[in-house]
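A.B. asks: Give me coordinates for this.
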Amino acid sequence: MTVHSTRAAWLAVLFAAVVLAGCGQRVDDPTQQLPHVVRGMAIQDVQLTLSTGSRVVAELLDVRAGIDDAPVIARQELSPAGQSPLPLELRYRPAEVDPGVRLVVRVTVEDRGEVFFVTPEPLPEVDRQQSSEIVEVRLEATDAARAFLESVPEESPEDALPEVPEFESEVPDELMETPPDELDLDAVP
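C.D. replies: Here you go, the predicted structure:
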C-alpha cells in the first residue's frame, strides 16, 4: 500500500511541476499566438445592386513606406459580394508584423469586369495594440459604377408595377350599382 500511495504522490508532484512549468512563459512562436482581428462594414456611397458575379477584396496594408506597393498583411475575398453594407474580417498575427508598421484597411468592389467601388484616402487606420477592432470603411463609386448606373433605364413606380388585365364582369351593370343591403339575392338564378 505504501508503494501505491508513494507512486500516486510522485505522479501528483510530476503533474504539478509540468503545469507550473508552462505558467508565466511567453509564447515566442508566432504561430501559437492568438490573431488580432479587424472586423467591420464597408458602406457604398451610391446604392447599386451588385450582381452574383461581384467580388469584394478587403486588405490590411503596411503603409509606413507609402500606399504604392504596400505589403499586404491580411486579405479577405467575398464572392458574390452581397449588398451594402458589406461585412469585413481580417486576421493577422501581431508578432509577424514589425513594431513600426502603420496598418490601414483598403476595400475594392469589382462587378461586371470593372472596379465599381474603392476606399478613398485617407484609408481607415488600425490600432496594432488592440486585439480586436471594429472599423467602418466608406466606399466611393468609381467612374465605371457611375457609367453603369447611367446606362440602366430609370423606372418610375408605375413602370415597376405589373400590368393587370381588364376585368370583365358577368354581373349585370344594374346589380353592380345596387347597394348591398338592397340586393335581392333570392332573385339571382
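A.B. asks: got a list of what the nearest residue to Ala144 once chain neighbours are set aside touches?
C.D. replies: Excluding the flanking residues, the one nearest Ala144 by CB to CB, 6 or more residues apart in numbering is Glu114, at 3.8 Å. For every residue, glycine as well, the C-beta is placed using N, CA and C. When contacts are counted by CB atoms under 8 Å, 6 or more residues apart in numbering, Glu114 touches 142, 144-145, 148.
A.B. asks: Show me what Glu114 bridges to in the sheet.
C.D. replies: Beta-bridge partners recorded for Glu114 (DSSP bridges): Asp111.
A.B. asks: That one and Thr52, how far apart?
C.D. replies: Distance of Glu114 to Thr52, given as CB to CB, to the nearest Å: 16 Å.
A.B. asks: Could you do Val152 as well?
C.D. replies: From Val152 over to Thr52 the distance is 17 Å, taken as CB to CB.
A.B. asks: just Gln44 next, same as before
C.D. replies: On the measure of CB to CB, Gln44 and Thr52 end up 17 Å apart.
A.B. asks: who has more neighbours, those two?
C.D. replies: Gln44 (19 against 9; other CB atoms under 10 Å).
A.B. asks: OK, contacts around that one?
C.D. replies: 84, 86, 109, 117, 139, 141.
A.B. asks: Spatially nearest residue to it, not counting backbone neighbours?
C.D. replies: The spatial neighbour of Gln44 that comes closest, neighbours along the chain excluded (CB to CB, 6+ apart), is Ser84 at 4.1 Å.
A.B. asks: Wait, a helix at that neighbour?
C.D. replies: No: assigned with DSSP: H, G, I helix; E, B strand; the rest coil, Ser84 falls outside any helix and is coil.
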